[in-house]
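S.K.: what's the 3D shape of this:
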Amino acid sequence: QVQLVESGGGSVQAGGSLRLSCAVSGLSFSTYGMAWFRQAPGRERERVANIVGGATYYADAVKGRFTISQDSAKNTLYLQMNSLKVEDTGMYSCAARAYEFSDYRYWGQGTQVTVSS
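M.R.: Modelled structure (predicted):
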């Protein structure tokens, strides 16, 4: 059974930092691509970053400020978020997709990030 459980969200002032974690069970990073998505109220969900076999992708809005990483020994996915902006506010979720599929099949419940000015 695959489970993804996020943690690390919270409230922070603009310019601050947070590190999100996603504890993963039931799958291996060697056969699954991982990603962080976020959704703000009234907006569509967007992919923030993803990692596949060590290769990373970032949305333009977070490039240079966010870093996605994974620790296979701990079965944990991370998102280090620096220089946070008010527009980074939203519900952040981790997701997993098997290499042979293009869609993310497994999702966590999400963790809220609120950035105030």
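S.K.: which SSE is the residue nearest the centre of the chain in?
M.R.: Geometric centre of the chain, nearest residue: Trp36, 2.5 Å, by C-alpha atoms, centre = their mean. Trp36 is part of strand 32-39 when elements are defined by DSSP states H and E.
S.K.: Tyr57 now?
M.R.: strand 55-58.
S.K.: Kindly format the C-alpha coordinates of that strand as CSV.
M.R.: The C-alpha coordinates for strand 55-58 follow below in CSV (Å, rounded to 0.1, in the frame of the first residue of the first chain):
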residue,chain,number,x,y,z
ALA,A,55,17.1,15.0,-12.7
THR,A,56,15.0,18.0,-11.4
TYR,A,57,12.5,20.4,-12.9
TYR,A,58,11.3,23.7,-11.4
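S.K.: buried stuff in the helix or strand following the strand holding Trp36?
M.R.: Following strand 32-39 in sequence order, the next helix or strand is strand 46-52 (DSSP H and E). By neighbour count with 16 or more other C-beta atoms under 10 Å, strand 46-52 contains the buried residues Val48, Ala49, Asn50, Ile51. In short, each C-beta sits where N, CA and C put it, glycine included.
S.K.: Sweet, I'm off.
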